[in-house]
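Engineer: mind looking at a prediction? Sequence and model below.
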Amino acid sequence: MLNFIYYPVSFILWCWHWVFGHIFGESSGFAWALSVVFLVFTLRALLFKPFVGQVRSMRKMQEFAPELKKIKEKYANDRQRQAQEMQKLQAEHGVSPLGGCLPMLVQIPVFIGLFHVLRSFKPGWGEVYFFDAQGVESFVNAKLFGANLSTFITMPAEELAKYATERPAVLAVSIPLMIVASIATHFTARHSVARQTQAQTDNPQTAIMNKLTLYIFPLGVLVGGLFFPIAILLYWLSNNGWTLMQQRLVYTRIDREEETKKTEALAQRAALAPKPGSKPQPGAKPQPGAKPKPGAKRTTPVRLPPGKKPAAPAAEKAMPAADADDTPSTEIPGLEPGRSASRKQGSKKRR
């Protein structure tokens, strides 16, 4: 029924076993252990980009968390309207709640697929998905410090005898893996909780989830380790180790990007701000880096009403007055210049 999960998981495991089998040997326990570890690394590498999107989505949700709180308080008695308004607000900020859960949702079927594939590797079995009978026999005969990867602490003695494994060897391998995996789970959750804001930690639901991830989940790894095969404990340990290192890398990178944006914004605001001791001109926009010239007077621009043109410039100074003896000559339109002069002389004699 879940072959669409079992086949891809077994194929990735087969590929890595082919690689490490040429290095350590086909039936080497280290080859199979590294195959399981790199199966996890392959999956997490494919989910790296969605994880970065998840972190950015969480950061955006922290920014408009006060708005979400107001919506919850406003529509406390109307759950349907509350959900609609929250979805609308998340869409405006470009946040998808499903995108934040994608990396975790994908890991669940992979865990189920690996658990089923490893439990199918039993003595005397034939082909198991991408593994032929020889590959299954190789896994059954592989030992990691004397313990088979399919064995677990509470396995019945007759089952352990089929794998030619003794319980002390299983305890010697499983218990350290259980403890380290539990500690890694705790520190992974602790690193995530440390990134939460004060408003989130004060939320009762968030506080309950934090307690679950910090203490109950690590305790679950210890209890489940009694029933999980050694290969599953390797999967759990490598998965939490990858998550812890990935969180530190991504959070550091995003913090650096946000710090750079803040520095650039502050520098831009400082450049646009007026210089100390200078008075801003009414109606003039400050220019970055512009300094007033020494001794220059500040002029206030005059705003004219719409449609009115500015006045023409003042006329130049008048020409100097003519001598007293000189009489300015005026010409009558339509007469020759000589007749105009004789007419002027006649008028002087009559006086």
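Structural biologist: That came through fine.
Engineer: now Leu233. Nearest residue, chain neighbours left out?
Structural biologist: For Leu233, ignoring the flanking residues on the chain, the nearest one in space by CB to CB, 6 or more residues apart in numbering is Leu177 at 4.1 Å. Every residue, glycine included, has its C-beta placed from N, CA and C.
Engineer: can you name every helix or strand that the helix or strand where that neighbour lies contacts?
Structural biologist: Leu177 belongs to helix 167-194 when assigned by DSSP states H and E. Identification of packing neighbours for helix 167-194 by 3 or more CB pairs under 8 Å, 6 or more residues apart in numbering; DSSP states H and E yields helix 157-162, helix 217-224, helix 230-272.
Engineer: okay, these in a markdown table with mean neighbour count next?
Structural biologist: Written out in a markdown table, the entries for the helices and strands packed on helix 167-194 read as follows (neighbours: other CB atoms under 10 Å):
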| stretch | mean neighbour count |
| --- | --- |
| helix 157-162 | 12 |
| helix 217-224 | 16 |
| helix 230-272 | 16 |
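Engineer: which stretch among those helices comes nearest Ser10?
Structural biologist: Shortest distance between Ser10 and the helices and strands packed on helix 167-194, using CB to CB, is found for helix 230-272: 12.8 Å.
Engineer: could you check the angle helix 167-194 makes with that closest one?
Structural biologist: Helix 230-272 and helix 167-194 are oriented at 20 degrees to each other (axes from the mean of the first three to the mean of the last three CA atoms, to 10 degrees).
Engineer: so, low pLDDT: which residues of the stretch 1-150 of the chain?
Structural biologist: The stretch 1-150 of the chain contains residues with pLDDT under 70 at 1, 62-64, 93-104.
Engineer: how close does Gln107 get to His22?
Structural biologist: With distances defined as CB to CB, to the nearest Å, the gap from Gln107 to His22 amounts to 29 Å.
Engineer: nope, Glu127 is what I was after
Structural biologist: Using CB to CB, one gets 22 Å for the distance from Glu127 to His22.
Engineer: which residue comes closest to Arg59 once chain neighbours are left out?
Structural biologist: The shortest distance from Arg59 to any residue other than its chain neighbours is 6.9 Å, reached at Ile254 (CB to CB, 6+ apart).
Engineer: swap that for Tyr7, sorry
Structural biologist: On the basis of CB to CB, 6+ apart, the spatially nearest residue to Tyr7 that is not a chain neighbour turns out to be Tyr129, at 5.5 Å.
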